[in-house]
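Engineer: the following comprises the amino acid sequence and a computationally predicted model.
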Amino acid sequence: MTNPYAAGAAGRCPNCGEGHLFEGFLKVAPTCEACGFDLKAADSGDGPAVFVILIGGFLVAFGAVFTQIAFNPPVWLQLIVWLPLTVIVCGGLLRPFKGLMIAAQFANKAREAGRDDV
């Protein structure tokens, strides 16, 4: 049995762990190419972006404030260092977090509420 969280973080199908979860950088594939699992219903919403902003923002803000206090570099140097690093950190975390959120939906059998649920 595949661990859906590990598979999701790696960008693999949470059902089988073999097929690709993403069709592009962040676009979820309609179905798993290996097991045929329907991935169209998977919707991570804004959850991954919120986590990435909080985690990446903390890391970069802490680094920028620490650097400013410890070394007092000019503002232009801070911008040259920390702005690209912000993009790299957030861009690097976004795909694994989106995969984790989709895997969490799969593992918990989450679905949209229907008439029967009200």
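Structural biologist: Arrived safely.
Engineer: contacts, neighbours, all on C-alpha from now
Structural biologist: Noted.
Engineer: three-state assignment of the residue nearest the centre of the chain?
Structural biologist: Computing the C-alpha centroid of the chain and ranking residues by CA atoms, centre = their mean puts Phe97 first, at 2.2 Å. When classified by DSSP: H, G, I helix; E, B strand; the rest coil, Phe97 comes out as helix.
Engineer: so it makes contact with Val52?
Structural biologist: Yes. Using CA atoms under 8 Å, Phe97 makes contact with Val52 at a distance of 7.5 Å.
Engineer: that older thread, tell me which element the closest residue in space to the residue nearest to the centre of the chain that isn't next to it in sequence falls in.
Structural biologist: In this structure, Phe97 finds its nearest non-sequential neighbour in Pro48, 5.2 Å apart by CA to CA, 6 or more residues apart in numbering. Using DSSP states H and E, Pro48 sits in helix 47-71.
Engineer: roughly how far out does that helix sit from the chain middle?
Structural biologist: Chain-centre distance of helix 47-71: 17 Å, with CA atoms, centre = their mean, to the nearest Å.
Engineer: please renumber so the chain begins at 22
Structural biologist: New numbering, starting at 22: the last item is helix 68-92.
Engineer: can you tell me, leaving aside adjacent residues, what's nearest to Gly68?
Structural biologist: In space, Gly68 is closest to Met122, 7.3 Å off (CA to CA, 6+ apart).
Engineer: need phi/psi at that neighbour.
Structural biologist: For Met122, the backbone dihedrals are phi -70, psi -40 (criterion: degrees, to the nearest 10).
Engineer: quick one, phi psi at Ile109?
Structural biologist: Backbone phi and psi, for Ile109 under degrees, to the nearest 10, turn out to be phi -70, psi -50.
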